[in-house]
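In: next input, structure requested:
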Amino acid sequence: MKKNQFTNCANDYIERLRKEGRYSTAHVYKHAIRSFSKFCGNQNLTFGKVTRDTLKAYSNYLVALRLKPNTISTYMRMLRCIYNRGVDSRQAPYIPGLFRDVFTGVDTRQKKAIPIHELHTLLNEDPKTEKLRHTQAVANLLFQFCGMPFVDFAHLEKSNMEQGLLKYNRMKTGTPMSIEILDSAQDAIARLCNEYSVANSGKNDYLFRILSGEYKKTEEKAYREYQSALRRFNNDLKCLSRQLRIRSSVTSYTLRHSWATTAKYRGVPIEMISESLGHKSIKTTQIYLKGFELEERTKVNKLNYSYVKSFK
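Out: Residues are numbered from 1 along each chain as shown. This next block holds a predicted model:
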């Protein structure tokens with residue numbers, strides 16, 4: 001088996017992903033291959049190194065590093081993808097059940113939503129500093145925008161807001177979204193727009209100017225800029241959580257999961273939650289059920305926020 005075949009096959013696929021503009025996927029593949037190479041003690045691997053025993057040992061290694069099951073599963077599925085590409089190109093022999101002893105599924109036990117009392121504190125208790133108040137304002141809007149992902153929030157453009165509505169397409173799926181802006185969100189929007197206007201001069205079509213607008217969305221530099229913004233926001237959320245003495249781990253996605261969980265606990269139908277989040281995971285159900293009107297979703301969103309706001 002030729003030297004470096006596995007590594008070369010992986011690098012070729014990563015480069016292909018980059019050329020297709022799939023920078024996020026390429027980034028995760030790069031980390032997975034780097035992690036596996038580090039475990040093997042060799043940056044140039046053959047397909048012969050990918051054995052059942054090695055994969056099992058690597059899985060145990062990742063567990064010892066305290067990586068979460070879904071992260072381990074992601075790494076294993078990426079190794080499996082490179083292996084399958086090697087088999088298809090006849091660079092690697094087909095080995096039945098090669099990945100059967102390692103976890104490649106989804107661990108549904110991992111819950112990212114935080115308890116309601118912590119959510120209330122996160123969104124409402126004064127953190128005492130202007131920087132943390134700014135972070136809290138962003139968190140409030142993410143929640144009030146039906147658990148909007150930070151990537152969609154950062155890429156909102158001025159043209160997406162019109163007559164009290166936010167109309168945009170999700171960055172991840174392209175799903176068209178329509179959200180009525182709650183009265184309780186108006187002050188936070190005005191504050192953030194004013195702050196970002198002061199901090200960023202020049203032309204910028206983004207609503208909140210988290211991103212510079214210097215790069216096209218399809219450019220790798222745009223992806224890197226967004227990743228930097230996401231890291232900063234998650235670090236700021238950690239600081240906010242510490243200041244407010246919140247014990248649960250809080251990230252940008254915590255707010256999304258917490259919105260969904262709050263709605264679920266209040267008895268909101270799963271179809272409504274799915275539509276409000278812009279998910280496509282219950283396609284069959286959505287085909288057979290009538291879609292919810294904007295007025296209905298606005299009512300749910302308003303009650304959801306009021307429930308957290310008034311919690312004691």
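In: ok, residue 234 - contacts?
Out: 251, 252 (CB atoms under 8 Å, 6 or more residues apart in numbering). The way it works is simple: take the backbone N, C-alpha and C, and place the C-beta from them, glycine included.
In: ugh, typo on my part, it should be residue 149
Out: Here residue 149 is in contact with 170, 171, 172, 252, 253, 256 (criterion: CB under 8 Å, 6+ apart).
In: quick one: low-confidence residue ranges for the stretch 201-312 of the chain.
Out: 201-203, 280-293 (pLDDT under 70).
In: let's see 80
Out: Low-confidence segments of the stretch 201-312 of the chain, defined by pLDDT under 80: 201-204, 264-265, 267, 270, 279-296, 312.
In: so the residue nearest the centre of the chain is in which element?
Out: Nearest to the mean C-alpha position of the chain, by CA atoms, centre = their mean, lies residue 253 at 6.0 Å. Element membership of residue 253, judged by DSSP states H and E, is helix 252-265.
In: buried sites along that helix?
Out: Using 16 or more other CB atoms under 10 Å as the burial criterion, the residues of helix 252-265 that qualify are 252, 254, 255, 256, 257, 258, 259, 260, 261, 262, 263.
In: who touches it?
Out: With CB under 8 Å, 6+ apart as the criterion, helix 252-265 contacts 111-114, 116, 119, 139, 142-143, 146-150, 230, 233-234, 237, 248, 270, 272-273, 276-277, 300, 304, 307-308.
In: can we see that at 7 Å?
Out: Helix 252-265 is contacted from outside by 112-114, 116, 119, 139, 142-143, 146-147, 149-150, 230, 233-234, 237, 273, 277, 300, 304, 307-308, using CB atoms under 7 Å, 6 or more residues apart in numbering.
In: circling back: ok, so of the contacts of residue 149, who is nearest residue 65?
Out: Minimum distance to residue 65 across those is 21.3 Å, recorded for residue 253 (CB to CB).
In: show the buried residues in the contacts of helix 252-265.
Out: 112-114, 119, 139, 142-143, 146-147, 149-150, 230, 233, 237, 273, 277, 300, 304, 307-308.
In: mind checking which of those are in helices?
Out: 119, 139, 142-143, 150, 230, 233, 237, 273, 277, 300, 304, 307-308 (DSSP state H).
In: in JSON lines: those residues, plus distance to residue 190.
Out: Formatted as JSON lines, these follow (distance: CB to CB, whole Å):
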{"residue": "119", "distance to residue 190": "24"}
{"residue": "139", "distance to residue 190": "17"}
{"residue": "142", "distance to residue 190": "17"}
{"residue": "143", "distance to residue 190": "17"}
{"residue": "150", "distance to residue 190": "20"}
{"residue": "230", "distance to residue 190": "24"}
{"residue": "233", "distance to residue 190": "20"}
{"residue": "237", "distance to residue 190": "22"}
{"residue": "273", "distance to residue 190": "29"}
{"residue": "277", "distance to residue 190": "26"}
{"residue": "300", "distance to residue 190": "24"}
{"residue": "304", "distance to residue 190": "22"}
{"residue": "307", "distance to residue 190": "24"}
{"residue": "308", "distance to residue 190": "21"}
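In: closest to residue 206 out of those residues?
Out: Checking those one by one against residue 206 (CB to CB), the nearest turns out to be residue 150, at 13.2 Å.
In: residue contacts, the closest one?
Out: Shown in contact with residue 150 (CB under 7 Å, 6+ apart): 142, 230, 233, 252.
In: distance to residue 26 added to those, as JSON lines?
Out: Shown next, in JSON lines, are the contacts of residue 150 (distance: CB to CB, whole Å):
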{"residue": "142", "distance to residue 26": "26"}
{"residue": "230", "distance to residue 26": "16"}
{"residue": "233", "distance to residue 26": "22"}
{"residue": "252", "distance to residue 26": "21"}
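In: most widely separated two among those?
Out: By the measure CB to CB, 142 and 230 form the most distant pair in those, at 12.2 Å.
In: reformat the contacts of residue 149 as a markdown table; add distance to residue 44.
Out: Below are the contacts of residue 149 laid out as a markdown table (distance: CB to CB, whole Å):
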| residue | distance to residue 44 |
| --- | --- |
| 170 | 39 |
| 171 | 36 |
| 172 | 34 |
| 252 | 37 |
| 253 | 36 |
| 256 | 40 |
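In: where in the stretch 51-200 of the chain is pLDDT low?
Out: Residue ranges of the stretch 51-200 of the chain with pLDDT under 80: 106-111, 194-200.
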